[in-house]
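Visitor: Okay, structure incoming, though there's no sequence with it:
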């Protein structure tokens, strides 16, 4: 049997893949699953998920994140961009799993569910899966939580559920999840074939369970091959043969899981003391897990078409095409084919245009609060046009002096976020960055993973989580606006546009596909320069798929530096760019994510002073018009 894919267009504009099986040679399928549960180290957990997204997107290998209700709260607060990504991503799918202190978790019935009637059990489990969970008391609160919370955040019912309930409660728990929209159950202790079901709901196929986290230092390829050999030998196994490759967020960062140290290791009745987090792993131990995981993903990707990586929605689509229709869920999860459909020609590159402001510690750079908010009331609408879902996308980076010194900082952050403005982390001192992020959160904002104000000698240090005052932690995923020295000027600013992964402090302009930090070019372009670049992108089909440019507006004047171009000029310019099919409005962070999803192809271009849109090897045609050309890679073997 062979996995095949058919594209379908469904309501709401979501592209889904209906995958089926047709007679052909056997096909081996892999499901990468990440259990997300480490509430004791939330910032490190978020950083871990971001890196996994990068790895799986780079190798075009789908992955399932299984979130607990508590971790859904964490992502909502600390990483709403990851939730937004999961709504439409071609790679990332989000499902749900249960952990203590929920009383319907296996061997954790502290509430006495087994002594209740079937109706009482159903009512109680339904409350736990529709209300928030207090980790100290184990009781529910009046806020939305559980499976329902994740469903509300995603805009669709999470496809799969791993509940792990005791036998006396399993059928009732299944009925609750089925009622809420679940369309697949993950089970343990038996190897389900593709097409097996329980209580009318398909089971996640898994003939072999490769717990990858147990094997740091081993050969990932051999582990995968051995798992498939095991799957083929399972009694009663039939094609397609599925293996599960499992990791937990804590496997990359901590010695043990928070739910073990808080609940399973101590007492199994409330109240619970959450002040016993597992110690963080050493850097070598972390590196070993990351190497093992990426090696496993890369191995599966390199073995196409022998192996096909699928996630829960894609498995469900395969079942649907085979007639094993699944229940529940009025809204389909976004699903895409595991391998890109062949195209006759490469798509035209796109220019992602972002706009930003930096508020420095020096007071003369501070904006007038009311004028600042009014500016964004218009600026966020600029560039709207038929067929576009949004206008210009803006971000602001505020240094610590403004965050601590502006009396209306909280009001400004909340008001601008309501308009769609993102708040990056801008600081010129390493020690201030995590504190800036913490202050932004304290004021009701949601700091991005973008760092600005960097000197290139800080790049390598930015690859790890940073700690600020009172133990606040934050980790950058993207850097913008690099400088060679701790000052601005033509000899210091990195005059580049585009997106790449900097190799090191010294080789910051060299693209390293394996790097865990993304650089977005910070060259400050004028409106006319960006418009010219957009026109060139229209005709240059040989350029990398994601081009980039940023417009920077000083917050004190609300006009482009050295010009009288204010909001009226920006609106007129944005209207012209909105008419160009090559232009996409995106924040700096959104540009980085689009670049990752487009394959992460190096698009860095170094600008020259005499013509800020021509790289050093540019040769214009006789008519003076023509596309920009990509400069050669410093180390082409690393591409």
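Guide: Nice, I can see it. Just so it is clear, the structure is predicted and the values come from calculations on it, not from any experiment.

Visitor: so how far is residue 98 from the residue sitting nearest the centre point of the chain?
Guide: Nearest to the mean C-alpha position of the chain, by C-alpha atoms, centre = their mean, lies residue 82 at 4.0 Å. Separation of residue 82 from residue 98 (C-beta to C-beta, to the nearest Å): 21 Å. For glycine as for every other residue, the C-beta is placed from the backbone atoms N, C-alpha and C.

Visitor: contacting residues around the residue nearest to the centre of the chain?
Guide: By C-beta atoms under 8 Å, 6 or more residues apart in numbering, the contact list for residue 82 reads 46, 49, 50, 53, 75, 92.

Visitor: before we move on, what SS does it have?
Guide: helix (DSSP: H, G, I helix; E, B strand; the rest coil).

Visitor: so who does residue 187 touch?
Guide: 198, 203, 204 are the contacts of residue 187 under C-beta under 8 Å, 6+ apart.

Visitor: now the second one, which residues is it bridged with?
Guide: Spelled out, it's residue 203. Beta bridges link residue 203 to residue 185 when assigned by DSSP bridges.

Visitor: so it touches residue 188, yeah?
Guide: No - in this structure, residue 203 is not within contact of residue 188 by C-beta atoms under 8 Å, at 10.8 Å.

Visitor: Those two: which has the busier surroundings?
Guide: A count of neighbours by other C-beta atoms under 10 Å puts residue 203 above the other of residue 203 and residue 188, at 21 against 9.

Visitor: Tell me where the model's unsure across the stretch 251-400 of the chain.
Guide: Scanning the stretch 251-400 of the chain for pLDDT under 70 picks out 323-347.

Visitor: er, the chain I mean
Guide: In the chain, residues with pLDDT under 70: 1-26, 323-347, 487-491, 541, 607-639.

Visitor: just to revisit the earlier point, roughly how far apart are the residue nearest to the centre of the chain and residue 565?
Guide: On the measure of C-beta to C-beta, residue 82 and residue 565 end up 35 Å apart.

Visitor: And residue 604, by the same measure?
Guide: As judged by C-beta to C-beta, residue 604 and residue 565 stand 27 Å apart.

Visitor: ditto for residue 605
Guide: From residue 605 across to residue 565, the span is 24 Å (C-beta to C-beta).

Visitor: now do residue 432
Guide: Distance of residue 432 to residue 565, computed by C-beta to C-beta: 31 Å.

Visitor: More neighbours: the two, which one.
Guide: More neighbours surround residue 432 than the other of residue 432 and residue 565, with 22 against 18 (other C-beta under 10 Å).

Visitor: Quick one: residues contacting the more buried one.
Guide: The contact partners of residue 432, by C-beta under 8 Å, 6+ apart, come to 399, 400, 468.

Visitor: now residue 74
Guide: 39, 42, 45, 46.

Visitor: quick one, strands of the stretch 301-450 of the chain?
Guide: If DSSP state E, counting those that start in this stretch is used as the criterion, the strands of the stretch 301-450 of the chain fall at 307-309, 350-359, 394-398, 422-426, 447-452.

Visitor: who wins for proximity to residue 561 among the ones you listed?
Guide: Ranking these by proximity to residue 561 (C-beta to C-beta) places strand 350-359 first, at 11.0 Å.

Visitor: Now do that closest one against strand 447-452, angle only.
Guide: Angle of strand 350-359 versus strand 447-452, following axes from the mean of the first three to the mean of the last three C-alpha atoms, to 10 degrees, is 90 degrees.

Visitor: burial count for residue 506?
Guide: Residues lying near residue 506 (other C-beta under 10 Å) number 12.

Visitor: Residue 155 now?
Guide: Residue 155 has 16 nearby residues by other C-beta under 10 Å.

Visitor: Provide the backbone phi and psi angles at it.
Guide: Backbone geometry at residue 155, expressed as degrees, to the nearest 10, gives phi 80, psi 0.

Visitor: Tell me if I'm right that it and residue 84 touch.
Guide: No - taking C-beta under 8 Å as the definition, residue 155 is not a contact partner of residue 84, at 9.8 Å.

Visitor: Does the helix ranked longest in the chain pack against any helices or strands, and if so which?
Guide: Secondary structure of the chain per DSSP state H: the longest helix is helix 283-302. For helix 283-302, the packing partners by 3 or more C-beta pairs under 8 Å, 6 or more residues apart in numbering; DSSP states H and E come out as strand 28-36, helix 42-58, helix 220-233, strand 241-248, strand 307-309.

Visitor: One more pass at 6 Å, please.
Guide: Other elements packing on helix 283-302 under the criterion 3 or more C-beta pairs under 6 Å, 6 or more residues apart in numbering; DSSP states H and E are helix 42-58, helix 220-233.

Visitor: what is the orientation angle of the longest one with helix 283-302?
Guide: Read that as helix 42-58. With the same axes, to 10 degrees applied, the angle from helix 42-58 to helix 283-302 works out at 30 degrees.

Visitor: helices or strands next to helix 42-58 in the packing?
Guide: helix 283-302, helix 588-597.

Visitor: most tightly surrounded among those?
Guide: Mean neighbour count (mean count of other C-beta atoms under 10 Å) peaks for helix 588-597 among the helices and strands packed on helix 42-58, with a mean of 25.

Visitor: Heading C-terminal from it, find the next helix or strand.
Guide: The helix or strand immediately downstream of helix 588-597 is strand 605-606, counting by DSSP states H and E.

Visitor: Sheet-wise, list the partners of that next one with their directions.
Guide: Taking DSSP bridges as the criterion, strand 605-606 forms sheet pairs with strand 496-497 (antiparallel).

Visitor: Any idea how far the partner strand is from the middle of the chain?
Guide: Here the centre of strand 496-497 is set off from its chain's centre by 24 Å, with C-alpha atoms, centre = their mean, to the nearest Å.

Visitor: cool, and stretch 508-522?
Guide: That offset, for stretch 508-522, works out to 17 Å (C-alpha atoms, centre = their mean).

Visitor: Endpoint to endpoint, that stretch covers what distance?
Guide: End-to-end distance of stretch 508-522 (C-alpha to C-alpha, to the nearest Å): 13 Å.

Visitor: and that stretch, which residues are buried?
Guide: Buried residues in stretch 508-522, counting neighbours by 16 or more other C-beta atoms under 10 Å, are found at 508-512, 515-522.

Visitor: Touching it from outside, list them.
Guide: With C-beta atoms under 6 Å, 6 or more residues apart in numbering as the test, stretch 508-522 has contacts from 51, 456, 459, 463, 478-481, 496-503, 548, 588, 591-592, 602, 634-635.

Visitor: Thanks a lot, see you next time.
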